[in-house]
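A.B. asks: predicted model and sequence below, questions to follow.
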Number of protein chains: 2
Amino acid sequence: MEIINRVPRMMSVARELRASGQRIGLVPTMGALHEGHLSLMSQAREMCDKVIASVFVNPAQFGPDEDFERYPRDLARDAELAFTRGVDFIFAPTAEDLYPAGFSTYVGVEGLSTKLEGASRPGHFLGVTTIVAKLLNIVHPHFAYFGRKDAQQVIVIKRMARDLNMDVEIVVGPTVREEDGLALSSRNAYLSTDGRKAAIILRRSLERARTLYNAGERDAAKIASAMRSVIEPEPLARIDYIAITDTEHLDPVDPIPTDRPILISMAVFIDTTRLIDNIVLNGAI
Amino acid sequence: MEIINRVPRMMSVARELRASGQRIGLVPTMGALHEGHLSLMSQAREMCDKVIASVFVNPAQFGPDEDFERYPRDLARDAELAFTRGVDFIFAPTAEDLYPAGFSTYVGVEGLSTKLEGASRPGHFLGVTTIVAKLLNIVHPHFAYFGRKDAQQVIVIKRMARDLNMDVEIVVGPTVREEDGLALSSRNAYLSTDGRKAAIILRRSLERARTLYNAGERDAAKIASAMRSVIEPEPLARIDYIAITDTEHLDPVDPIPTDRPILISMAVFIDTTRLIDNIVLNGAI
């Protein structure tokens, strides 16, 4: 496994791999790898001849009051973990290399980017789509892998790739969970012991929604209210949003239609740590 | 020569060409080809194994009151002309194919896009950068060719390609002119006989600037004023802007520095036809 830091080197390595007929898989990450990322790498390993994992904490997708400085960074550990999944190259560029002086270009997806996570985190998806467009241009992979836990990110990136005719297939991997149901996230590391215990209510709330839906409930307001009643008794928890939407426009649906995929998504603060989770009914994203 | 209308076909043809080691040149045009476009095709023919010319009148780069409907279209004639320059493929997609229902992604370059042409034509460069990003993704050429007459377009596209790490070299071809100095433009076809005669004042005005600069004048305001005095006596003419700027930020310079490239650019209405022209001092863009 090779660790590549410079953009030109990554471009020339990837160009040669493609020219020699090898199928390239890219797993973009911000490091702090967990089994969610690693399962994407394993999936890429099975589908591709060469697997590249990028590790870059992208300043452009953090808001001014968010946790950019604090976000966990440990490239040596990330590289070791990636190696166990058969990753061939770690691409770990610097911010100076990716955002040189005079940088002024952005890739944006209108509409989708301002809803749900985008409403709570203005500019977040502009940062995401811009960095992903850059990584896709640098590596030009055949497949790029993203986790379903960031459902809106997947939907926004798929739209970008389609709209801009990017020559890549976006592959969506499953949300990986702890035994008690908590979705793996690099931000779980911020939780206190009590917070960690409380954090299972996101998943519980989503399961409550699924149970109601499976029992025939189609009233979105009722389901959202039942979800809230799972969260609200927890003193450490504060709901940012709970949303029941379609997956094409991310617009609220009520009653819940049964003929298309439905995203139930939520963001909840556990103490000061903001966690997200989701489930999809009637299909997949 | 083959005319390709569908995006998937163009992508698969271009992918195979690249995989077989051929160097691809792309000349993006809106059709209504003239010697400016054709000279770019000849240049691509010399540098590349396969030359692709795209012909697409891009609605996204026209303002609501501009000449999108009226813009000249004659694909058969364009194809014949391109054929004489050794073009291998014409890519002539439909708007429905490039902007499918739900299209909502844009590529923008901040700052540069709102100056000069961008100030007079809000949204114009957002349309340009988005379509060029799409064409570059579809064809993935080694080289893409643009004419220096659209100097700001060149500067904006180069910035986009650099910022987004696009794996392409932007090649800039010279402004081609009529014998009397009028820069070739598809919009020259809109001019009346009198308008056509009057239109040479753009070039005359630019030459006046160059003469003054070469004689040692560094006062940008004086040079702009001398340029205006060439245009203003012409009753058919109305100046939109005359600007003396650097080529990196497109910011006004006064006095004119001698140590970096300087763009003198202008837009002038001749009757109702808006024409642009420019020269670059101290180097090139």
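C.D. replies: Happy to help now that I have it.
A.B. asks: settle this for me: A:V172 is touching A:K149, isn't it.
C.D. replies: No - if you go by C-beta atoms under 8 Å, A:V172 and A:K149 don't touch, sitting 10.2 Å apart. C-beta coordinates here come from the backbone N, C-alpha and C atoms, glycine included.
A.B. asks: what's the distance between stretch A:219-233 and the middle of its chain?
C.D. replies: 25 Å (C-alpha atoms, centre = their mean, to the nearest Å).
A.B. asks: who's in contact with it?
C.D. replies: Residues outside stretch A:219-233 that contact it (C-beta atoms under 8 Å, 6 or more residues apart in numbering or on different chains): A:201-202, A:204-206, A:208-209, A:212-213, A:217, A:237, A:239, A:242-244, A:252-256, A:264, A:266, A:268.
A.B. asks: check stretch A:193-200 too.
C.D. replies: With contact meaning C-beta under 8 Å, 6+ apart, stretch A:193-200 is reached by A:180-182, A:188, A:191, A:234, A:236-237, A:270-271, A:273, A:275.
A.B. asks: same thing but 7 Å
C.D. replies: Residues outside stretch A:193-200 that contact it (C-beta atoms under 7 Å, 6 or more residues apart in numbering or on different chains) are A:180-182, A:191, A:234, A:236-237, A:270-271, A:273, A:275.
A.B. asks: pick out the most distant pair among these.
C.D. replies: Within those, A:G181 and A:D271 form the most distant pair, 18.9 Å apart (C-beta to C-beta).
A.B. asks: how about the helix or strand hosting A:T211: buried residues?
C.D. replies: Assigned by DSSP states H and E, A:T211 falls within helix A:201-214. Judged by neighbour count using 16 or more other C-beta atoms under 10 Å in any protein chain shown, the buried positions of helix A:201-214 are A:201-206, A:208-209, A:212-213.
A.B. asks: can you check stretch A:264-273 too?
C.D. replies: So stretch A:264-273, judged by 16+ other C-beta under 10 Å, has buried residues A:264-268, A:270-271, A:273.
A.B. asks: among those residues, which one lies nearest to A:R159?
C.D. replies: A:S265 (16.4 Å).
A.B. asks: which residues sit against stretch A:139-151?
C.D. replies: So stretch A:139-151 is contacted by A:10, A:14, A:18, A:23-28, A:36, A:40, A:43-44, A:47-48, A:52, A:136, A:153-154, A:157, A:168-175, A:183, A:185, A:263, A:265, A:277-278, A:280, A:285, B:167 (C-beta under 7 Å, 6+ apart).
A.B. asks: and that stretch, what's its mean pLDDT?
C.D. replies: Across stretch A:139-151, the average pLDDT comes to 98.
A.B. asks: alpha carbons of that stretch, as PDB, please.
C.D. replies: These are the backbone C-alpha positions of stretch A:139-151, laid out as PDB (Å, rounded to 0.1, in the frame of the first residue of the first chain):
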ATOM      1  CA  VAL A 139      -8.900   9.800  -9.400                       C
ATOM      2  CA  HIS A 140     -11.400   9.300 -12.200                       C
ATOM      3  CA  PRO A 141     -12.600   6.100 -10.600                       C
ATOM      4  CA  HIS A 142     -15.000   3.600 -12.200                       C
ATOM      5  CA  PHE A 143     -16.800   3.300  -8.900                       C
ATOM      6  CA  ALA A 144     -17.100   5.700  -5.900                       C
ATOM      7  CA  TYR A 145     -18.400   4.400  -2.500                       C
ATOM      8  CA  PHE A 146     -20.600   6.300   0.000                       C
ATOM      9  CA  GLY A 147     -22.400   5.100   3.100                       C
ATOM     10  CA  ARG A 148     -26.100   5.100   3.500                       C
ATOM     11  CA  LYS A 149     -25.900   6.700   7.000                       C
ATOM     12  CA  ASP A 150     -25.300  10.000   5.100                       C
ATOM     13  CA  ALA A 151     -28.400   9.400   3.000                       C
END
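A.B. asks: in the stretch 151-285 of chain A, which spans are strands?
C.D. replies: Applying DSSP state E, counting those that start in this stretch to the stretch 151-285 of chain A gives strands spanning A:169-173, A:237-246, A:262-270, A:273-281.
A.B. asks: columns distance to chain B and mean pLDDT on top of those, output as CSV?
C.D. replies: Formatted as CSV, the strands of the stretch 151-285 of chain A follow (distance: least, C-beta to the nearest C-beta, whole Å; pLDDT from 0 to 100):
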stretch, distance to chain B, mean pLDDT
strand A:169-173, 12, 98
strand A:237-246, 12, 98
strand A:262-270, 16, 98
strand A:273-281, 19, 98
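A.B. asks: looking at those, which is nearest to B:P100?
C.D. replies: That would be strand A:169-173 among the strands of the stretch 151-285 of chain A, by C-beta to C-beta, at 16.5 Å.
A.B. asks: for the residue positioned nearest the centre of chain A, helix, strand, or coil?
C.D. replies: Chain A has A:D150 as the residue nearest its centroid, 3.3 Å off, counting by C-alpha atoms, centre = their mean. Three-state call for A:D150 (DSSP: H, G, I helix; E, B strand; the rest coil): helix.
A.B. asks: do you know how far it is from A:V280?
C.D. replies: 13 Å (C-beta to C-beta, to the nearest Å).
A.B. asks: residues touching the residue nearest to A:G86 when sequence neighbours are not counted, list them.
C.D. replies: In space, and not counting its chain neighbours, A:G86 is closest to A:R45: 4.3 Å by C-beta to C-beta, 6 or more residues apart in numbering or on different chains. Counting by C-beta under 7 Å, 6+ apart, A:R45 makes contact with A:51, A:85-86.
A.B. asks: switch the cut-off to 10 Å
C.D. replies: A:25, A:27, A:51, A:85-88 (C-beta atoms under 10 Å, 6 or more residues apart in numbering or on different chains).
A.B. asks: re the thing from before, now the residue nearest to the centre of chain A: how far from A:R177?
C.D. replies: 14 Å.
A.B. asks: picking that back up, buried ones among the contacts of stretch A:139-151?
C.D. replies: For those, a burial check counting by 16+ other C-beta under 10 Å picks out A:10, A:14, A:18, A:24-28, A:36, A:40, A:43-44, A:48, A:52, A:136, A:153-154, A:157, A:168, A:170-173, A:175, A:183, A:185, A:263, A:265, A:277-278, A:280, B:167.
A.B. asks: who in the stretch 51-200 of chain A is up against chain B?
C.D. replies: Contact residues (C-beta under 10 Å from any C-beta of the partner chain) of the stretch 51-200 of chain A with chain B: A:93, A:97-100, A:102-113, A:126, A:129-130, A:133-140, A:156, A:159-168.
A.B. asks: put the buried members of those into a PyMOL selection.
C.D. replies: Applying 16+ other C-beta under 10 Å to those leaves a buried subset, and the PyMOL line that selects it is:
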select buried, chain A and resi 93+98+99+103+104+105+106+107+108+109+112+113+126+129+130+133+134+135+136+137+138+139+140+156+159+160+161+163+164+165+166+167+168
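A.B. asks: number of nearby residues for A:A101?
C.D. replies: Look at A:A101: counted by other C-beta atoms under 10 Å in any protein chain shown, it has 5 neighbours.
A.B. asks: element containing A:E66, please.
C.D. replies: Per DSSP H and E, there is no helix or strand for A:E66.
A.B. asks: nearest residue to it other than its sequence neighbours?
C.D. replies: A:R121 (7.3 Å).
A.B. asks: need the contact list for the one you found.
C.D. replies: A:61-63, A:66, A:113, A:127-128, A:240, A:267, A:274.
A.B. asks: quick check: it vs chain B, distance?
C.D. replies: As defined by C-beta to the nearest C-beta, to the nearest Å, A:R121 lies at a distance of 19 Å from chain B.
A.B. asks: cool, A:S185 as well?
C.D. replies: Separation of A:S185 from chain B (C-beta to the nearest C-beta): 27 Å.
A.B. asks: what's the neighbour count on the residue nearest to that residue when sequence neighbours are not counted?
C.D. replies: Counting by C-beta to C-beta, 6+ apart, A:L275 is the residue found nearest to A:S185 once chain neighbours are left out, at 6.4 Å. For A:L275, the count of nearby residues is 23 (other C-beta under 10 Å).
A.B. asks: got the angle between the longest helix along chain A and helix B:124-139?
C.D. replies: When chain A is parsed with DSSP state H, its longest helix is helix A:124-139. Angle between the axes of helix A:124-139 and helix B:124-139 is 40 degrees (criterion: axes from the mean of the first three to the mean of the last three C-alpha atoms, to 10 degrees).
A.B. asks: many thanks, have a good one.
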